[in-house]
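> Predicted model and sequence follow; I will ask about them next.
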Amino acid sequence: MIKKALIVLILFINYTAVSQQFFKINDTAPEFKLWLTDGSKLTNKDIKGKVVVFKFWFTSCMPCLTDIPKLNDLVKEFDKRDDLLFIAPALDRKPVVEKLLKAHPFNFKIAYSAMDVSKKFNKQQVYPSYFIINKKGKIAYIDSGSKKSDINNLKKAIVKALR
């Protein structure tokens, strides 16, 4: 009986590992649909030919909030670029996100209720997580799971993706 249970457990672990494939650099970005707090929607079709910086987060995540000022500076630094989008899909519902944004303005385009999209990109469900999609729709940068997000590395990856 124990042997059967062990075999079932091993098969389950193997199946789970296979079904949780992680993205690598140059993989095609997954299909997504996001609803933004400004009332618009964003899909893969809307980002064609643009570099997109995603920050996956939620409102009660302290590390997610502490980097907002640095990210706002980054957005300001690239504000003349029309081929670059900064998108922050939040897990929280719209009223919760909007309440937080009143206290902590965030210059990214903010999406809400984005758990389904987060699960596609951010398989480990570690927050904050960053992904850059290049103009060809390929993943150009991943910072998911380090818990030490470095804005300088993010900036270098943006510059590289814009070339």
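All right, it came through fine.
> Let me see the ranges of the helices in this protein.
For the chain, the helices defined by DSSP state H cover 2-19, 62-66, 68-77, 94-103, 115-121, 151-162.
> what about the second one, distance to the chain center?
I take that to be helix 62-66. Its chain's C-alpha centre lies 14 Å from the corresponding centre of helix 62-66 when counted by CA atoms, centre = their mean, to the nearest Å.
> Show residues contacting that helix.
The contact list for helix 62-66, computed with CB atoms under 8 Å, 6 or more residues apart in numbering, reads Lys55, Trp57, Phe58, Thr59, Leu100, His104, Tyr127, Pro128, Lys147, Ser149. Every residue, glycine included, has its C-beta placed from N, CA and C.
> per-residue pLDDT, the second one?
This points to Trp57. Listed pLDDT for Trp57 reads 96.
> buried set for stretch 126-142?
The neighbour-count check on stretch 126-142 (16 or more other CB atoms under 10 Å) flags 127-135, 139-142 as buried.
> Now do that stretch: distance from first to last residue.
End-to-end span of stretch 126-142 (CA to CA, to the nearest Å): 12 Å.
> Greatest separation within the buried residues of stretch 126-142: which pair is it?
Greatest spatial distance among those (CB to CB): Tyr127 and Lys135, at 26.4 Å.
> Can you pull out the low-pLDDT segments for this structure?
Residues of the chain meeting the criterion pLDDT under 70: 1-21, 145-149.
> Now for Asp83, how many residues are close by?
12 (other CB atoms under 10 Å).
> And for Phe22?
When neighbours are defined as other CB under 10 Å, Phe22 has 11 of them.
> Excluding chain neighbours, give the residue nearest to it in space.
Closest residue in space to Phe22, ignoring its immediate chain neighbours: Lys123 at 5.4 Å, by CB to CB, 6 or more residues apart in numbering.
> thinking that neighbour is in contact with Pro30, fair?
No. Counting by CB atoms under 8 Å, Lys123 stays clear of Pro30, with 10.4 Å between them.
> The two: which is more packed in?
Neighbours per residue, other CB under 10 Å: of Lys123 and Pro30, the larger number sits with Lys123, 16 against 13.
> Lys45 versus that one, what's the distance?
Look at Lys123 and Lys45: by CB to CB, to the nearest Å, they are 24 Å apart.
> before we move on, what about Thr66?
Separation of Thr66 from Lys45 (CB to CB): 33 Å.
> Just give me the neighbour total for the closest residue to Leu84 other than its chain neighbours.
Excluding its sequence neighbours, the residue lying closest to Leu84 (CB to CB, 6+ apart) is Val51, at 4.9 Å. By other CB under 10 Å, the residues close to Val51 number 25.
> Thanks a lot, catch you later.
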